[in-house]
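Asks: Sequence below, structure please.
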Amino acid sequence: MIHLNRKMLLAGLVAGLLGVVGCGDDDGDTTTDDTEDMGGPGGDMGGPGEDMGPIDAGGVEPRACTIDAPTPPASAGCPDVGDRTEVVVDADITTDTTWSCDNLYLLDDQIYITNDATLTIEAGVVVHGGAGGDEGQNALIVTTEGSIEATGTSVDPIVFTSANPEGDAAPGDWGGVVLLGRAPINVSGGTNLIEGLDPSESRGEYGGDDAAHDCGTLNYVRIEYAGFLFGTDNELNGLTLGGCGTDTDLDFIHVHAGKDDGIEFFGGTAGISHAVISQVGDDGLDWDEGWQGDVQFVVIQQDAAGDRGIEADNLGSDQDTTPRSSPTIWNLTIIGNSADNDGLRLREGTGGMISNAIIFNYPDSTCSRVDNSSTIRVANDGELVITDSIVGPCSTTFDFTADEGDTTTTFTGDWEALNDLTSDAMLADPTNLSAPNFLPSEFSPAGRDYGAPGAGFDTNADFAGALEPGCWDWTAGWTAYPAIAE
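Replies: The predicted model follows:
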């Protein structure tokens with residue numbers, strides 16, 4: 001249950017305290033430091049027992065920032081994109097290879113990394129996936145016999161994007177990035193062929209018994225205008241992961257303007273942190289086939305083209321098979337933008353725990369829908385829950401729909417009691433499609449004490465949403481929201 005134990009101020013005392021101050025020192029020092037450059041607070045917030053400053057008219061104290069912004073790294077010194085040497089990549093990567101930011105890389109096919117090769121991509125590299133048409137199938141595919149080490153920085157992110165200029169670039173201009181591993185999935189036989197590739201392509205196989213399988217590293221990576229429709233219900237996403245294990249490193253990843261889902265996990269145990277998924281054509285985050293990853297700090301922003309913020313399944317053909325999909329998700333922000341959007345659709349027997357979330361802007365639709373009798377039974381067993389979150393406004397907050405003809409399976413819990421359905425999270429500008437700001441005000445009720453993440457997560461993040469109110473905006477500087485061609 002939400003722990004609303006920050007001090008409140010009676011309304012009659014508020015009038016004299018409307019001189020709002022920020023998070024800086026109270027000694028008058030206005031020096032700008034690297035933390036401010038990264039979007040974080042300007043100075044010491046004070047420790048326990050110290051004067052926290054004024055309280056706003058909503059009765060919420062500004063919280064002391066518990067997550068510090070890192071010092072920005074030095075620039076990699078990459079040339080302007082127009083000054084780079086174009087390198088056409090038209091053959092599979094079968095030996096260890098490094099891509100540097102002196103070059104501009106153009107994918108000219110579906111490029112497979114295989115034969116125990118590792119592709120190392122240095123900070124600041126730009127990869128043009130394609131420009132639409134037949135080039136829409138171009139993709140970078142890391143097979144179970146290959147690996148990728150793509151490590152950008154907040155100053156020099158790695159960018160996979162369309163070869164078309166902004167304004168002409170569109171979802172589906174190229175296929176996307178695919179990572180395949182040998183971690184467990186729950187389909188019959190334990191292996192599968194990844195969606196979006198030709199079903200006769202054996203290098204698209206994933207799944208196995210290595211729960212720690214390392215598919216590689218993606219840090220400070222943007223993926224734009226990706227997605228490819230091979231056939232009905234057979235698409236590539238911005239980032240597609242099949243059977244990746246816990247040693248896979250996914251941190252600071254932005255998927256923008258994808259044709260299908262932003263990020264989809266097909267089984268495995270890989271986790272992800274500091275992810276932004278914006279304005280994709282279908283679902284923001286999608287999972288199935290027994291995915292059991294750990295997730296923290298994720299923002300999903302929908303536009304009118306999107307379907308659901310999250311679509312979650314176990315396995316359609318056998319909804320109670322194991323390993324059951326059951327991710328653990330902390331500090332999530334989902335932003336709706338249309339009457340046709342839904343926040344979450346949890347179905348086909350998925351489990352999972354979502355805590356410390358903000359689910360916002362669904363006044364004409366459903367914030368969270370739980371479908372199928374199997375999924376309701378999982379929720380009744382406490383293995384699927386949304387808790388300690390700010391939810392709303394929604395036309396329907398939580399909807400539980402059993403299978404057609406099932407008149408006996410009903411939800412026996414009370415998710416409404418576990419969440420805050422009335423507070424305004426006070427996000428700065430979350431529905432702006434060209435320059436959004438997802439940071440809650442320092443006075444946001446999201447800064448109250450919510451759930452405490454456990455071991456393996458950032459345990460300081462006892463606030464609702466992906467960003468700590470009034471503190472470090474970890475999305476600033478390395479993300480981008482380029483226009484989508486109409």
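Asks: Could you pull up the mean pLDDT of the helix or strand harbouring Ile253?
Replies: Element membership of Ile253 [criterion: DSSP states H and E] is strand 249-256. For strand 249-256, the mean pLDDT works out to 98.
Asks: what's next to that strand, contact-wise?
Replies: The set of residues external to strand 249-256 that reach it, using Cβ atoms under 8 Å, 6 or more residues apart in numbering, is 152, 154, 157, 216-226, 237-239, 262-263, 270-280, 474-475, 478-482. From N, CA and C alone the C-beta is placed, and that goes for glycine too.
Asks: again, only using 7 Å
Replies: 217-224, 238-239, 262-263, 270-280, 478-479, 481 (Cβ atoms under 7 Å, 6 or more residues apart in numbering).
Asks: cool, and stretch 450-461?
Replies: 2-3, 66-67, 294, 296, 330-331, 355-356, 387-388, 462-464.
Asks: 6 Å instead?
Replies: Stretch 450-461 is contacted from outside by 66-67, 294, 296, 330-331, 355-356, 388, 462-464, using Cβ atoms under 6 Å, 6 or more residues apart in numbering.
Asks: If we go by neighbour counts, what in it is buried?
Replies: 450-451, 453, 457, 461 (16 or more other Cβ atoms under 10 Å).
Asks: can I get those residues in JSON lines with pLDDT, distance to Gly190 and secondary structure?
Replies: Below are the buried residues of stretch 450-461 laid out as JSON lines (pLDDT from 0 to 100; distance: Cβ to Cβ, whole Å; DSSP: H, G, I helix; E, B strand; the rest coil):
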{"residue": "Tyr450", "pLDDT": "95", "distance to Gly190": "38", "secondary structure": "coil"}
{"residue": "Gly451", "pLDDT": "95", "distance to Gly190": "34", "secondary structure": "coil"}
{"residue": "Pro453", "pLDDT": "97", "distance to Gly190": "32", "secondary structure": "coil"}
{"residue": "Phe457", "pLDDT": "98", "distance to Gly190": "29", "secondary structure": "coil"}
{"residue": "Ala461", "pLDDT": "98", "distance to Gly190": "35", "secondary structure": "coil"}
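Asks: Kindly list the main-chain dihedrals of Thr387?
Replies: phi -150, psi 160 (degrees, to the nearest 10).
Asks: repeat for Gly82
Replies: According to degrees, to the nearest 10, Gly82 has phi -70, psi -20.
Asks: Let me know the pLDDT of it.
Replies: pLDDT at Gly82 comes out at 95.
Asks: okay, now it: neighbour count?
Replies: Gly82 is flanked by 6 other residues according to other Cβ atoms under 10 Å.
Asks: quick one: contacts for it?
Replies: Contacts of Gly82 (Cβ under 6 Å, 6+ apart): none.
Asks: Stretch 408-420: which residues count as buried?
Replies: 409, 411, 413, 415, 418-420.
Asks: which residues touch it?
Replies: With Cβ under 6 Å, 6+ apart, stretch 408-420 has contacts from 1-2, 373, 376, 380, 386-387, 389-391, 398, 400, 402.
Asks: Pull that stretch out as CSV, backbone CA atoms only.
Replies: Included here for stretch 408-420 are C-alpha records, laid out as CSV according to Å, rounded to 0.1, in the frame of the first residue of the first chain:
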residue,chain,number,x,y,z
THR,A,408,-17.1,-18.2,-12.5
THR,A,409,-13.6,-16.6,-12.6
THR,A,410,-13.6,-13.2,-11.1
PHE,A,411,-11.0,-10.9,-9.6
THR,A,412,-11.1,-11.1,-5.8
GLY,A,413,-8.4,-8.5,-5.0
ASP,A,414,-8.6,-4.7,-4.8
TRP,A,415,-5.9,-3.0,-6.9
GLU,A,416,-7.7,0.3,-6.4
ALA,A,417,-6.8,0.2,-2.7
LEU,A,418,-3.1,-0.4,-3.5
ASN,A,419,-2.8,2.7,-5.7
ASP,A,420,-3.4,6.5,-5.7
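Asks: What average pLDDT does the helix of greatest length in the chain get?
Replies: The single longest helix within the chain, with elements called by DSSP state H, is helix 373-380. If you average the pLDDT over helix 373-380, you get 98.
Asks: what do you get for stretch 311-324?
Replies: pLDDT averaged over stretch 311-324 gives 98.
Asks: Could you tell me the end-to-end distance of that stretch?
Replies: Terminal residues of stretch 311-324 are spaced 15 Å apart (Cα to Cα, to the nearest Å).
Asks: Run through who's touching that stretch.
Replies: 184, 186, 283, 286-288, 290, 325, 345-351, 374.
Asks: Now it: buried residues?
Replies: Applying 16+ other Cβ under 10 Å to stretch 311-324 flags 311-315, 319, 321, 323-324 as buried.
Asks: What of stretch 383-400?
Replies: In stretch 383-400, counting by 16+ other Cβ under 10 Å, buried: 384-394, 397-400.
Asks: got it, and stretch 69-79?
Replies: 69, 78.
Asks: Could you work out the end-to-end span of that stretch for me?
Replies: OK, stretch 69-79 end separation, Cα to Cα: 27 Å.
Asks: cool, stretch 439-458 as well?
Replies: Length of stretch 439-458, first residue to last, Cα to Cα: 18 Å.
Asks: re earlier: touching the longest helix of the chain from outside, list them.
Replies: Around helix 373-380, the neighbours that count as contacts under Cβ under 6 Å, 6+ apart are 319-320, 346-347, 349, 351, 384, 400, 402-403, 406, 409, 411-412.
Asks: repeat for stretch 161-168
Replies: 128, 130-131, 169, 173, 224-225, 482-483, 485.
Asks: Which of the residues in that stretch are classified as buried?
Replies: 161-164.
Asks: Strands of the stretch 201-350 of the chain, start to end?
Replies: 205-206, 216-224, 228-231, 234-236, 239-242, 249-256, 263-266, 272-278, 285-288, 294-301, 308-312, 328-335, 342-346 (DSSP state E, counting those that start in this stretch).
Asks: now swap in the stretch 351-486 of the chain and tell me
Replies: Under DSSP E, counting those that start in this stretch, the stretch 351-486 of the chain gives strands at 352-360, 362-371, 384-387, 390-391, 394-401, 427-429, 437-440.
Asks: Looking at those strands, which is nearest to Asp90?
Replies: For Asp90, the closest of those is strand 437-440, at 39.0 Å, according to Cβ to Cβ.
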